[in-house]
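>>> Provide a 3D model corresponding to the input given below.
(2 chains)
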Amino acid sequence: MFYAKVIGKTYSNFKHYSYEGIEIKILQDINPETGDLINKPIFALDAIGVGIGEYVIYEISVEASSAFDDKKVLTDASITAIVDSVDLSPEGI
Amino acid sequence: MIIGKVIGNVVTTVKDPKYNGYKLLVVQEMNVYGEFEKNFYIAADLIGIGIDEVVMLVNGAAARSSVETNNIGFDSVVTAKIETIIFEDKIIKL
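Numbering: from 1, shown residues only, chains lettered A, B, ... in the order given. Model prediction:
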């Protein structure tokens, strides 16, 4: 699982039947020590309902479809939690 | 997941029998601004997409997580047509 910020969203009317009622959001990874945006933006399905600008956790690969319990959703990235705070050791690694 | 533009399709005669009935598309990756990247993918079409449309790709073992692709060895499938991206206060129509 990865820590990221929601930076955008997409609209799609023509999609796979398993995506009905699910929004596609744009995420970018966050460095938890500095808060900077890192890596390339990715696209992820929204399993919990998040807004633009929120800090979230997402999971990738096969496990991403298990975020949706009642159906087999064709996804390799899903948003599964909203982050309220992150505590880090003051000494660092 | 990534997005890309469909730039062509692939015709095959000798293939895995499970591929029968699925169109194979050539997709060039795009970034969130709608600009082309360097990567190309051959992806199976599950929804019926034409050339020059911007689509979303699911890659890796997760491509087998739907009911119809469960037993087929696809590792890249097209799952949605992307029409609009809202990003950094800009609305990008594709």
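>>> near chain A, which residues of chain B show up?
Applying Cβ under 8 Å from any Cβ of the partner chain, we find that chain B lies next to chain A at B:1-3, B:31-32, B:46-47, B:56, B:58-63, B:65-67, B:69-70, B:77, B:79-88. For every residue, glycine as well, the C-beta is placed using N, CA and C.
>>> In strands only, show me these.
The strands in this structure, assigned by DSSP state E, contain B:2-3, B:56, B:58-59, B:77, B:79-81, B:84-87 from these.
>>> a markdown table for those residues, including pLDDT and neighbour count?
Shown next, in a markdown table, are these (pLDDT from 0 to 100; neighbours: other Cβ atoms under 10 Å in any protein chain shown):
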| residue | pLDDT | neighbour count |
| --- | --- | --- |
| B:Ile2 | 91 | 23 |
| B:Ile3 | 91 | 24 |
| B:Met56 | 93 | 26 |
| B:Val58 | 92 | 32 |
| B:Asn59 | 91 | 18 |
| B:Val77 | 93 | 29 |
| B:Thr79 | 92 | 28 |
| B:Ala80 | 92 | 27 |
| B:Lys81 | 93 | 19 |
| B:Thr84 | 91 | 15 |
| B:Ile85 | 91 | 24 |
| B:Ile86 | 91 | 16 |
| B:Phe87 | 84 | 18 |
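>>> Show the model's pLDDT score for the nearest residue to B:Val58 once chain neighbours are set aside.
Nearest residue to B:Val58, sequence neighbours excluded (Cβ to Cβ, 6 or more residues apart in numbering or on different chains): A:Asp76, at 4.9 Å. On pLDDT, A:Asp76 comes in at 90.
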